Each structure stands twice: as C-alpha cells, then as structure tokens.
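[1] Quick one, what's the 3D model for this:
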Amino acid sequence: MNINFNELLKLGLKYEVKAQKIICEKLNTQILNTCDNYKYDFETNENIKYECKFDRISQKTGNFFIEINTYYYKNKVLKNSGLLKTISNYYIIIDDDTNNKIISYYIISTKKLKKLIRKNKYYLKKSCLNKKKLIYSNGVIFKKEVIKKYCKYIFDEKY
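    Residues are numbered from 1 along each chain as shown. Below is the predicted model:
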C-alpha cells in the first residue's frame with residue numbers, strides 16, 4: 001500500500017482526535033490546547049502533554065516504529081526528531097486492528113520510552129526513506145509486548 005505523506009498526515013490527525021477523546025473520557029480531563037509542531041500534539045488541563053503516533057502497519061508486523069532522528073541527505077545533516085525532540089509527558093501509540101474493529105491506545109511515559117532505548121530494549125534500528133526529498137527517518141522498532149509491559153495505560157475502543 002503506497003500512501004503519500006499528506007494522506008498519512010490526515011490519517012494521523014484522525015487518530016489524534018480519537019486519542020484526545022479517549023483521554024478525556026477515560027482520565028476525566030479536558031483538552032487545554034493543541035500544538036501543530038514537534039513539541040507535542042495536545043495538552044490536558046492538568047498540564048500533561050501527549051504526543052500521538054499512529055503505526056499503520058503494526059497489525060501486520062506486531063511491532064511499533066518510534067522515530068528518533070532525521071537525516072537530510074542533500075545537506076548531510078542529522079537532526080533529532082520524533083521521540084528525541086518532543087517535550088511531551090506521554091507517548092500515545094495508536095494501533096488499529098481493522099479485522100477485529102478495535103483501536104488500542106498504548107500510553108507510555110516519554111521518559112520510560114527513552115530509557116527503553118538507552119537500555120537496548122528495542123528489536124532493531126530502522127531507516128525509512130522519503131525518495132522525493134531524500135530524507136531518512138531513523139528510528140527503533142519495539143515488539144508490541146515490550147511496549148505493553150511498560151505502558152501506564154492501555155485503552156481499547158471498539159467501533
């Protein structure tokens with residue numbers, strides 16, 4: 001399945017809105033503001049910041065990809081991105097099981113996720129290429145079981 005970047009952004013935003021609703025409902029809170037840059041995606045009235053990531057192939061692979069930096073081939077520049085750039089308190093990894101019609105929200109402390117990388121708890125390192133812009137997104141791949149083990153919350157939503 002070949003999806004362009006703008007379609008992925010729209011899809012990610014759709015799941016981000018769903019994540020906001022589930023956080024408000026399950027944690028009895030309200031959204032204070034949203035952020036459209038690398039810092040975080042939304043903040044609750046308790047000043048807790050969340051970064052949402054939708055992994056569209058996790059159902060097929062059984063893994064989660066976490067971006068950590070980006071290499072710009074043209075300029076030969078490596079910049080922190082994703083997990084290493086966010087100021088969020090929590091990462092929400094969103095997993096849509098379309099066969100069973102369940103969306104799972106894995107909520108893990110950003111600090112815990114960084115610690116898991118430092119302790120080499122990930123499965124392998126991976127690079128993804130944007131061929132048009134010659135940009136590599138570098139990240140690590142975690143088995144779902146590892147993320148499940150360290151989550152603060154896991155919320156499932158049937159549809």
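[2] For Tyr40, what is the enclosing helix or strand?
    Using DSSP states H and E, Tyr40 sits in no helix or strand.
[3] Let me see the confidence value for it.
    The per-residue pLDDT reported for Tyr40 equals 96.
[4] Moving C-terminal from the helix or strand of the chain with the lowest mean pLDDT, which element do we reach first?
    The helix or strand of the chain with the lowest confidence, counting by mean pLDDT, DSSP states H and E, is strand 124-130 at a mean of 71. Counting by DSSP H and E, the next helix or strand C-terminal to strand 124-130 is strand 135-143.
[5] most centrally placed residue in the protein?
    Nearest residue to the geometric centre of the chain (CA atoms, centre = their mean): Lys53, 2.3 Å.
[6] contacting residues around the nearest residue to that residue once chain neighbours are set aside?
    Using CB to CB, 6 or more residues apart in numbering and skipping residues adjacent in sequence, the residue nearest Lys53 is Ile93, 5.4 Å away. (Glycine included, C-beta is placed from N, CA and C.) Ile93 makes contact with 53, 55, 58, 64, 66, 105-106, 108, 147, according to CB atoms under 8 Å, 6 or more residues apart in numbering.
[7] And Tyr105, by the same measure?
    19, 22-23, 92-95, 153-157.
[8] Could I have the buried ones of these as PyMOL selection syntax?
    Here is the PyMOL command that picks out the buried ones among the contacts of Tyr105, judged by 16 or more other CB atoms under 10 Å:
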select buried, resi 19+22+23+92+93+94+95+155+157
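[9] need the contacts of Tyr105 in JSON lines with secondary structure, pLDDT and distance to Lys132, can you?
    Listed next are the contacts of Tyr105 as JSON lines, based on DSSP: H, G, I helix; E, B strand; the rest coil; pLDDT from 0 to 100; distance: CB to CB, whole Å:
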{"residue": "Ala19", "secondary structure": "helix", "pLDDT": "97", "distance to Lys132": "29"}
{"residue": "Ile22", "secondary structure": "helix", "pLDDT": "96", "distance to Lys132": "34"}
{"residue": "Ile23", "secondary structure": "helix", "pLDDT": "97", "distance to Lys132": "34"}
{"residue": "Ile92", "secondary structure": "strand", "pLDDT": "98", "distance to Lys132": "29"}
{"residue": "Ile93", "secondary structure": "strand", "pLDDT": "97", "distance to Lys132": "27"}
{"residue": "Ile94", "secondary structure": "strand", "pLDDT": "96", "distance to Lys132": "26"}
{"residue": "Asp95", "secondary structure": "strand", "pLDDT": "94", "distance to Lys132": "28"}
{"residue": "Tyr153", "secondary structure": "strand", "pLDDT": "97", "distance to Lys132": "37"}
{"residue": "Ile154", "secondary structure": "strand", "pLDDT": "97", "distance to Lys132": "36"}
{"residue": "Phe155", "secondary structure": "strand", "pLDDT": "97", "distance to Lys132": "36"}
{"residue": "Asp156", "secondary structure": "strand", "pLDDT": "95", "distance to Lys132": "37"}
{"residue": "Glu157", "secondary structure": "strand", "pLDDT": "93", "distance to Lys132": "35"}
